[in-house]
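Novice: Provided below for reference: sequence and predicted model.
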Amino acid sequence: MRRYRTAVFGNFMRATLVAVLTMFAHACVLAQVEPVPGSLHTTGPNAFVTGLGRIADLAIGTGGNGASAIRAQPDGKVIIAGTCTGGAGNNDFCLARLNTDGSLDATFVGPAGNGGGKFSLAVGLSQDTLTSVFVQPDQKIVLAGTCDAGFSNYDFCVVRLLPNGQLDSSFGPFGSGGAFLLPVTLAGDDFLQTALLRPNGQIVLVGRCVTSLQQFCLAQLNADGSVDTTFDAGVNANGKLVFSIAADDTYSTTALLQPDGKLVISGSCTGTVSTNFCAARLNIDGTFDADFDGPDSLNPGNGRFRFALNSTTSVATSIAQQADGKLVITGYCSGGTDLDFCVARLNADGSFDPMFKGPAGAGAGYFLFAMAVSGNDFARSVAVQPDGKIVIGGGCAGVAGKDFCMARLYDDGTFDRSFDGPGGAANGKFLFAVGTPSTGLLDEDAFAMALQSDGRLLMAGSCTAPGSTSFCVARLNGGPHAAKQCRLDVDGDGRVGATNDTLVMTRVMSGQRGTTVITGIGFSANATRKTWPAIRDYLVAHCGLLLQ
């Protein structure tokens with residue numbers, strides 16, 4: 001009987017090992033067949049812009065223009081939006097819509113009906129700056145930014161377009177014709193940073209307002225563009241809210257809506273000694289979420305707080321939420337003589353996530369890293385992929401002026417070294433030029449990023465050549481899910497063992513989850529993954545397994 005049981009167990013172990021090795025082999029085959037992650041989308045169906053993978057000089061109108069927002073529509077088309085210089089030095093909203101191959105969408109005709117895929121739009125008196133765009137489920141397009149209200153005063157402004165780019169006359173106060181200005185403060189300037197869409201169709205506008213101090217400020221609109229006076233009902237009952245964090249200047253730069261309807265706003269708070277990241281979380285009614293306390297347990301934030309990243313200058317620019325509810329906030333920080341990319345990850349209660357250790361493994365929920373050997377690196381956008389990888393994009397100091405730059409991190413903050421970039425062998429971070437030497441481009445600065453449903457990555461910004469500045473955009477391949485980093489060394493001790501790595505995989509493949517996976521296993525002193533959460537995160541992020 002004992003011999004029979006031993007044989008059965010041996011057969012089971014061999015079958016499991018074959019299954020595990022097959023999984024790893026399949027991952028390696030994918031790595032060889034799929035385009036290199038981070039390479040430009042130059043081949044295959046709908047290769048971007050006839051195989052170039054990029055557009056360096058998308059001009060709108062006769063003046064300079066630069067993109068500040070990009071969105072991928074469900075049908076594969078791409079909207080790029082920003083600000084253009086028109087006649088008499090005026091700045092206007094401007095945007096373009098591209099087909100899946102990067103060509104202009106001729107059905108996007110604009111307010112005048114003759115745009116042919118790109119057009120500009122004046123909203124305020126002279127100086128209009130677009131900072132945000134999103135597409136509603138009915139394919140209507142909402143643009144938002146800051147507009148000139150006259151008398152040297154600036155207000156929030158919002159526009160809604162029909163799917164063909166013409167103004168939606170049903171949106172906004174009576175007579176607005178689909179475009180209007182919205183003052184948040186009675187006196188002072190209101191600068192919009194981002195606009196968000198709630199599932200019920202309401203629109204949240206977030207920015208910074210300048211009175212005696214710079215402050216976070218926001219307003220909420222109903223689906224028809226009217227102000228939602230039920231928001232902030234406990235304070236002013238006017239649908240608008242203005243607040244500070246501590247007694248310093250507070251600059252709101254980014255925001256997101258959580259699945260539970262709560263609103264997270266992040267930015268920078270400037271004091272007498274340093275500039276730090278800061279954040280706030282609001283309940284659906286506009287009150288502060290007291291459970292969002294921040295990293296400092298001795299000074300609970302009660303819904304709003306600032307936090308330092310061991311840097312005298314820390315400017316937050318973008319925020320994203322992981323599937324587990326953790327928040328990733330990125331920006332740029334002083335890393336000595338230059339500015340570097342910096343990133344923090346907060347747990348749902350606002351505390352630092354100590355598992356987010358960074359490329360050097362020494363972080364405790366936050367870290368800095370340089371993109372280039374020297375010069376300033378400006379991280380301006382972040383996104384979390386469905387497999388949990390974190391993509392950060394921006395503009396970095398290149399050989400001659402700025403270049404687009406990107407980095408991709410695993411869930412623990414280490415570099416995804418399969419993310420090689422257009423030039424290859426970049427080891428998880430790289431700079432790349434959107435133009436070619438013949439175009440004479442000097443600065444290529446990325447301000448926005450978007451994930452497509454097929455896993456590809458879009459980056460947009462402004463590209464400057466002698467005498468002109470234009471929209472520019474690139475599309476990069478997302479690649480397979482980290483096949484190059486998927487190893488049988490599950491516990492991370494540098495070797496593969498039958499009584500730890502193989503046994504863990506045997507239990508996982510047989511359907512076990514939780515602490516039972518590691519019960520009775522003697523991990524070595526060098527093992528870096530000894531708990532079920534750490535092992536689960538590794539198998540999900542690095543090997544593409546679907547685990548709960």
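Specialist: Perfect, thanks for sending it.
Novice: For Leu58, see how far away Val78 is.
Specialist: Counting by CB to CB, to the nearest Å, the gap from Val78 to Leu58 is 11 Å. Backbone N, C-alpha and C define where each C-beta goes, glycine included.
Novice: What of Asp338?
Specialist: Asp338 sits 30 Å away from Leu58 when distances are taken as CB to CB.
Novice: Quick check on those two: which one has the bigger neighbour count.
Specialist: Of the pair Asp338 and Leu58, Leu58 is the one with more neighbours under other CB atoms under 10 Å, namely 21 against 16.
Novice: Quick check: phi and psi at the more buried one.
Specialist: Backbone torsions of Leu58, given as degrees, to the nearest 10, read phi -90, psi 100.
Novice: could you measure it against Gln215, distance?
Specialist: In terms of CB to CB, Leu58 sits 36 Å off from Gln215.
Novice: list the contacts for Ala397?
Specialist: Contacts for Ala397 (CB atoms under 8 Å, 6 or more residues apart in numbering) come out as 338, 372, 374-377.
Novice: all strands of the stretch 251-400 of the chain, in order?
Specialist: Assigned by DSSP state E, counting those that start in this stretch, the strands in the stretch 251-400 of the chain fall at 263-270, 275-282, 304-307, 314-321, 327-334, 339-346, 366-369, 377-384, 390-397.
Novice: Now mean pLDDT and distance to Val496 too, for those, in a markdown table please.
Specialist: Formatted as a markdown table, the strands of the stretch 251-400 of the chain follow (pLDDT from 0 to 100; distance: least, CB to CB, whole Å):
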| stretch | mean pLDDT | distance to Val496 |
| --- | --- | --- |
| strand 263-270 | 94 | 41 |
| strand 275-282 | 94 | 40 |
| strand 304-307 | 92 | 40 |
| strand 314-321 | 96 | 34 |
| strand 327-334 | 96 | 32 |
| strand 339-346 | 96 | 30 |
| strand 366-369 | 96 | 29 |
| strand 377-384 | 96 | 30 |
| strand 390-397 | 95 | 28 |
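Novice: closest one to Pro37 among the ones you listed?
Specialist: strand 390-397 (10.3 Å; CB to CB).
Novice: Sheet partners, orientation included, of that closest one?
Specialist: For strand 390-397, the pairing partners within the sheet under DSSP bridges are strand 377-384 (antiparallel), strand 402-409 (antiparallel).
Novice: got the angle between the last one and strand 327-334?
Specialist: When axes from the mean of the first three to the mean of the last three CA atoms, to 10 degrees is applied, the directions of strand 402-409 and strand 327-334 differ by 140 degrees.
Novice: Run through who's touching strand 402-409.
Specialist: In contact with strand 402-409 (CB under 8 Å, 6+ apart) are residues 37-38, 341, 343, 359, 369, 371-372, 377, 389-396, 415-416, 419, 421, 428-434, 443-446, 457, 459, 461, 474, 476.
Novice: tell me which residues of stretch 188-201 are tucked away?
Specialist: Of all the residues in stretch 188-201, those buried under the rule 16 or more other CB atoms under 10 Å are 188-198.
Novice: roughly how far out does stretch 330-337 sit from the chain middle?
Specialist: Computed by CA atoms, centre = their mean, to the nearest Å, the chain-centroid distance of stretch 330-337 equals 18 Å.
Novice: ugh, typo on my part, it should be stretch 512-519
Specialist: That offset, for stretch 512-519, works out to 34 Å (CA atoms, centre = their mean).
Novice: Please apply the same query to stretch 35-55.
Specialist: Distance, stretch centre to chain centre, for stretch 35-55: 21 Å (CA atoms, centre = their mean).
Novice: ends of it, how far apart?
Specialist: From its first residue to its last, stretch 35-55 covers 20 Å (CA to CA, to the nearest Å).
Novice: Figure out the helix or strand that the nearest residue to Ile79 once chain neighbours are set aside lives in.
Specialist: Nearest non-adjacent residue to Ile79, counting by CB to CB, 6 or more residues apart in numbering: Arg71, 4.8 Å away. According to DSSP states H and E, Arg71 maps onto strand 65-72.
Novice: what's near enough to touch the residue nearest to Ile79?
Specialist: 78-79, 81, 133-135, 450.
Novice: from these, which is closest to Leu205?
Specialist: Nearest to Leu205 among the contacts of Arg71, with distances taken as CB to CB, is Phe134, at 11.6 Å.
Novice: Run a quick neighbour tally on the closest one.
Specialist: Residues near Phe134, counting by other CB under 10 Å: 18.
Novice: tell me the angle of the helix or strand hosting it relative to strand 65-72?
Specialist: Assigning secondary structure by DSSP H and E places Phe134 in strand 128-135. Compare the direction of strand 128-135 with that of strand 65-72 by the same axes, to 10 degrees and you get 10 degrees.
Novice: residues in contact with strand 128-135?
Specialist: Contacts of strand 128-135 (CB under 8 Å, 6+ apart): 68-71, 73, 79, 81-83, 90-95, 122, 141-148, 157, 192-197.
Novice: cutoff 6 Å now
Specialist: 68-69, 71, 73, 81-83, 91-93, 141-147, 192-195, 197 (CB atoms under 6 Å, 6 or more residues apart in numbering).
Novice: List the ones among those that fall in strands.
Specialist: 68-69, 71, 81-83, 91-93, 141-147, 192-195, 197 (DSSP state E).
Novice: Could you turn the buried ones of those into a PyMOL selection?
Specialist: With 16+ other CB under 10 Å as the criterion, this PyMOL line picks the buried residues out of those:
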select buried, resi 68+69+71+81+82+83+91+92+93+141+142+143+144+145+146+147+192+193+194+195+197
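Novice: so who does Thr528 touch?
Specialist: Thr528 makes contact with Gly492, according to CB under 6 Å, 6+ apart.
Novice: Tell me how the protein divides into domains.
Specialist: 2-34+485-543, 64-380 (automatic domain parsing).
Novice: mind putting those in CSV, distance to Val49 included?
Specialist: Shown next, in CSV, are the domains of the chain (distance: least, CB to CB, whole Å):
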stretch, distance to Val49
domain 2-34+485-543, 21
domain 64-380, 4
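Novice: which stretch in those domains has the least confidence?
Specialist: The minimum mean pLDDT among the domains of the chain belongs to domain 2-34+485-543 (a mean of 72).
Novice: Would you quantify the distance from Gly455 to Pro386?
Specialist: Where Pro386 is concerned, Gly455 sits at a distance of 8 Å (CB to CB).
Novice: Between those two, tell me which one has more neighbours.
Specialist: More neighbours surround Gly455 than the other of Gly455 and Pro386, with 16 against 11 (other CB under 10 Å).
Novice: My guess is the more buried one contacts Asn477. True?
Specialist: No - contact criterion CB atoms under 6 Å: Gly455 and Asn477 do not qualify, at 7.8 Å.
Novice: shouldn't Leu182 be in contact with Ala149?
Specialist: No - Leu182 lies out of contact with Ala149 (CB under 6 Å); the separation is 9.8 Å.
Novice: More neighbours: those two, which one.
Specialist: Neighbour totals were compared for Leu182 and Ala149, and Leu182 leads with 22 against 18 (other CB under 10 Å).
Novice: How many residues are close by Phe305?
Specialist: By other CB under 10 Å, neighbour count at Phe305 equals 23.
Novice: same deal with the one 4 residues further on?
Specialist: Here the neighbour count serves as a burial measure; for Leu309 (other CB under 10 Å) it reads 23.
Novice: what separates the nearest residue to Ile203 once chain neighbours are set aside from Phe134, distance-wise?
Specialist: Closest residue in space to Ile203, ignoring its immediate chain neighbours: Leu221 at 4.3 Å, by CB to CB, 6+ apart. According to CB to CB, Leu221 and Phe134 sit 13 Å apart.
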